[in-house]
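A.B. asks: Model the structure of this input:
(chains A and B)
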Number of protein chains: 2
Amino acid sequence: MYRGKAREVLKGIEVGDRINVKKGDRVFEGLLMPRSELGDENHIVIKLDTGYNVGINVKKIKIKRIKKATPPKKTKDRAVKFKDLPDVTIIGTGGTIASKIDYKTGAVHPSFTTSELTNAIPELNDLANIKTKLLFNILSENMTPEYWKDIARAVAAELNSGASGVVVAHGTDTMAYTSAALSFMLKNLKKPVALAGSQRSSDRPSSDSSLNLVSAVKVALSDIGEVVVVMHGSSSDDYCLIHRGTKVRKMHSSRRDAFGSVNAAPIGRVKDVVIIDRDYRERGSGKVTVDDKLDENVALVKIYPGIKSEVLDYCIDRYNGIVLEGTGLGHVPENLLPSIKSAKKKGVPVVMTTQTLYGRVDMKVYSTGRELLSMGVISGMDMLPEVAYVKLMHVLGSTKDLDEVKRMMQTNIAGEIEETTAF
Amino acid sequence: MYRGKAREVLKGIEVGDRINVKKGDRVFEGLLMPRSELGDENHIVIKLDTGYNVGINVKKIKIKRIKKATPPKKTKDRAVKFKDLPDVTIIGTGGTIASKIDYKTGAVHPSFTTSELTNAIPELNDLANIKTKLLFNILSENMTPEYWKDIARAVAAELNSGASGVVVAHGTDTMAYTSAALSFMLKNLKKPVALAGSQRSSDRPSSDSSLNLVSAVKVALSDIGEVVVVMHGSSSDDYCLIHRGTKVRKMHSSRRDAFGSVNAAPIGRVKDVVIIDRDYRERGSGKVTVDDKLDENVALVKIYPGIKSEVLDYCIDRYNGIVLEGTGLGHVPENLLPSIKSAKKKGVPVVMTTQTLYGRVDMKVYSTGRELLSMGVISGMDMLPEVAYVKLMHVLGSTKDLDEVKRMMQTNIAGEIEETTAF
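C.D. replies: Numbers count the residues shown, from 1 in each chain, chains lettered A, B, ... in the order given. Got it, this is the predicted structure:
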């Protein structure tokens, strides 16, 4: 994987080999990492035993191999069953979290088997009988409603086969959309479904995948019968927050504590143990079912000063439902009002959310809002725009009747609507 | 303005009259307020001398008038000039802040004259020679790029006529878009331009307009030569934050401290006096000019799982520039890549921002980002999507050359790009 000068210096040494590097007075020992995606031809990266990666310029260095990389075992993957521990299935969908783990073992092929996972994070074996299932391997920006259905079916199958809970390893970009989709699609859910990911790409130090995954497994064993996102709660590697799947949002592009609960307190924390901080749906019995009827003809349109009505008209003509990301308490500029009026005539529901993200939509306060209400616009209440978008797909999957759509959109299904806004 | 039972009970008493209300054992005295927009026919609202509004059910109450409302003066508005104080012009554009002020005087017609303003907030006269100018009176959701130009010209005219600084009273919904627009359009700005608004509609207690306006006037007298937003810094009525005009966003639909600086520390605070907390452009001399060339054919498109390429194609065909609100570090699903490729061919710049809002765009980390970069997508760095949208209008107003557009978008003009992300 290395090129140019770095490749020359490495000669026969391969990624995953344990090496000793001398550069001037300094000596480094550790595993040769794959070339950083940002790397040039002049550096190699090794992972030190402290867990940190270091980039070293290959100019005037001496390298010797200490130990060859452990080749990936060709044996059939098989979970070791400990009789007295509950079962947790970790479903892989791709993203940074899946590839990261392998690096610690020195085996760098991007796969996701139980033995690799538990070799990398032995603590998992103390918690549960871990079983892994790589459903697919995609970057989460390429997640689609079709994939949501696959994940929902896989989760239900595992839970109905006796798993105590399921962890879904997922890229972070669209994790919150998927957690909302699973929240709506998994009916009669009485067991934990914990999504976890990793914010730091595999070639950077200070991995967050281990803590997120271990914490998610702990949540999967907990009393919470809901879909949740389990990710770092601070920029240190000290604890994770448990966010309700319908109230969470990726709020930072790169920080480890990128995820935040919006318009709701997190359900709890994982700091060694699972700590509950608010009301939640408790674990129960009964089979979970999957309602995978989604109407994918829904558009999410952001409102801004200078927006032309033609974009909205285009969407109203082609889609079965529109979610607006309005301003303030749920407003749009007056030039859009004729389009919104036409939506009602065409039977296309228009749901209002707010681009402030925090706070509720309240269209009764100002005249613009009242006019929108009179045109049949449905208040998204305290739902995030992204959650309202996913929910409208779900609702339109079962009815096209405008009154029923309104009723369902404004009825809490999976914690997406709080009675009062706490924040 | 009152209807039904409330109207009957009030008989000849009019809004603005000072009244005494007896209900059971309790006695209330204060000004009769206009009927709450949410109010029913069974309540009246009076403003107590403490400044708080109270709603009283009209059942079994006794009302007597203490004093008739002061009728609005018909005399020509005229600012009182105190020789030893600097001049500050408050430009009114509409929104909650303009109407609120009148309520304190008991005169309820929605106007915005200097004498009314200084009668309502006498403290203003101690700070500066206040002059007001009602430019127009619109709800800020109806703000357009054309109005931005009017505001920019009015601000420049006042500053170039000797005003120490200008306050722009503005509705909160789109205040941050306007502050960004003014930041880009006002060239060689060396004096403070402070936007202030009010989050609480006039019929609610705990007004925030007074503190925001007084604080904004203090900022207008300060050493800061920039466009800033001055709004509550906490949910109490205790201090205001000074946000850079290009780094601020409305982050809550209803809280008084709705505005937050994103990817930048606020410039400072106003707590009695102006306190500076970070680097800023200092006050200087020289005339401010207005660059009001804006290309309004720019679209802001939010990315989400399941988005169809046709919406993006539609925008690329009709607009001169596109700002994407991508996921994570600046990604889009792969089905949009052909559209983005076509944009380059058509000479339409595509700027990437992130829907996480916090954090920088960095398209070099993952393969999706690198592919977008290779297609000519311009990184919006740490600019908010809304700010990148306004800036692209501004940049396309002076050039259509793709390389020059990229260079200008990635060059800091008015504090919109920070070298490193602090948060």
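
A.B. asks: for the residue in the stretch 151-300 of chain A positioned nearest to chain B, what are its contacts?
C.D. replies: As assessed by C-beta to the nearest C-beta, chain B sits closest to residue A:253 within the stretch 151-300 of chain A, at 3.1 Å. Quick note: C-beta positions are derived from backbone N, CA and C, even for glycine. Contacts for residue A:253 (C-beta atoms under 8 Å, 6 or more residues apart in numbering or on different chains) come out as B:328, B:329, B:330, B:354, B:356, B:358, B:359, B:360, B:361, B:362.

A.B. asks: Residue A:387 belongs to a strand?
C.D. replies: No - with DSSP: H, G, I helix; E, B strand; the rest coil as the criterion, residue A:387 is located in helix rather than a strand.

A.B. asks: for the nearest residue to residue A:285 once chain neighbours are set aside, phi and psi?
C.D. replies: Leaving aside its sequence neighbours, residue A:285 sits nearest to residue A:190 (C-beta to C-beta, 6 or more residues apart in numbering or on different chains; 6.3 Å). Backbone dihedrals for residue A:190, given as degrees, to the nearest 10, come out at phi -130, psi 10.

A.B. asks: Now the residue of the stretch 151-300 of chain A closest to chain B. Nearest residue, chain neighbours left out?
C.D. replies: Distances taken as C-beta to C-beta, 6+ apart place residue B:359 nearest to residue A:253, at 3.1 Å, with adjacent residues excluded.

A.B. asks: if we can go back for a sec, most neighbours out of the contacts of residue A:253, which is it?
C.D. replies: When neighbours are taken as other C-beta atoms under 10 Å in any protein chain shown, the top entry among those is residue B:330 (34 neighbours).

A.B. asks: From residue B:378, how far off is the spatially closest residue to that one that is not a sequence neighbour?
C.D. replies: Excluding its sequence neighbours, the residue lying closest to residue B:330 (C-beta to C-beta, 6+ apart) is residue B:361, at 3.8 Å. Residue B:361 is 10 Å from residue B:378, where distance means C-beta to C-beta, to the nearest Å.

A.B. asks: now swap in residue A:170 and tell me
C.D. replies: To residue B:378, residue A:170 is 29 Å away according to C-beta to C-beta.

A.B. asks: More neighbours: which of the two?
C.D. replies: Shown here are residue A:170 and residue B:378; by other C-beta under 10 Å, residue A:170 has more neighbours (29 against 26).

A.B. asks: residues making contact with the longest helix along chain A?
C.D. replies: Secondary structure of chain A per DSSP state H: the longest helix is helix A:145-160. Identification of contacts with helix A:145-160 by C-beta under 8 Å, 6+ apart yields A:89, A:91, A:93, A:131, A:133, A:135-136, A:138, A:165-166, A:168, A:178, A:181-182, A:185-186, A:189, A:191, A:193, A:287-290, A:292, A:294, A:296, A:393, B:305-306.

A.B. asks: pLDDT below threshold where in chain A?
C.D. replies: Low-confidence segments of chain A (pLDDT under 70): A:1, A:35-40, A:51-52, A:70-83, A:96-111, A:201-206, A:421-423.

A.B. asks: Let me see the ranges of the helices in it.
C.D. replies: Assigned by DSSP H, the helices in chain A fall at A:4-10, A:96-105, A:114-120, A:123-127, A:145-160, A:175-185, A:209-220, A:309-318, A:337-345, A:367-374, A:385-396, A:402-409.

A.B. asks: Up against chain B, what does the stretch 101-250 of chain A have?
C.D. replies: A:139-145, A:148, A:172-174, A:177-178, A:201, A:250 (C-beta under 8 Å from any C-beta of the partner chain).

A.B. asks: of these, buried ones?
C.D. replies: The neighbour count (16 or more other C-beta atoms under 10 Å in any protein chain shown) marks A:139-145, A:148, A:172-174, A:177-178, A:201, A:250 as buried among these.

A.B. asks: can I see the domain layout of chain A?
C.D. replies: If you go by automatic domain parsing, the domain ranges for chain A are A:4-67, A:87-290, A:298-409.

A.B. asks: I'd like those domains as CSV, with distance to residue B:411 appended.
C.D. replies: Below are the domains of chain A laid out as CSV (distance: least, C-beta to C-beta, whole Å):
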stretch, distance to residue B:411
domain A:4-67, 23
domain A:87-290, 21
domain A:298-409, 23
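
A.B. asks: Give me the residue at the spatial middle of chain A.
C.D. replies: The residue lying closest to the centre of chain A (C-alpha atoms, centre = their mean) is residue A:175, at 2.3 Å.

A.B. asks: Could you check which residue of the stretch 1-150 of chain A lies nearest chain B?
C.D. replies: Counting by C-beta to the nearest C-beta, the stretch 1-150 of chain A gets nearest to chain B through residue A:141 (3.9 Å).

A.B. asks: ok, how many other residues are close to the residue lying closest to that residue once chain neighbours are set aside?
C.D. replies: If the residues on either side of it in the chain are set aside, residue A:141 comes closest to residue B:331, at 3.9 Å by C-beta to C-beta, 6+ apart. Residue B:331: 30 surrounding residues under other C-beta under 10 Å.

A.B. asks: how long is stretch A:345-353 end to end?
C.D. replies: Here the two ends of stretch A:345-353 are set 21 Å apart, with distance taken as C-alpha to C-alpha, to the nearest Å.

A.B. asks: Need the contact partners of it.
C.D. replies: Taking C-beta under 8 Å, 6+ apart as the rule, stretch A:345-353 contacts A:316-317, A:319-326, A:330, A:340, A:343-344, A:361, A:363, A:372, A:375-380, A:383-385, A:388, A:392, A:396, A:400, A:402, A:405-406, A:409.

A.B. asks: Please pick the buried ones from the residues you listed.
C.D. replies: Counted by 16+ other C-beta under 10 Å, the contacts of stretch A:345-353 give A:316, A:319-326, A:330, A:340, A:343-344, A:361, A:363, A:372, A:375-380, A:383-385, A:388, A:392, A:396, A:402, A:405-406, A:409 as buried.

A.B. asks: Confirm for me that residue A:276 is in contact with residue A:267.
C.D. replies: Yes - with contacts counted by C-beta atoms under 8 Å, residue A:276 reaches residue A:267, the gap being 6.6 Å.
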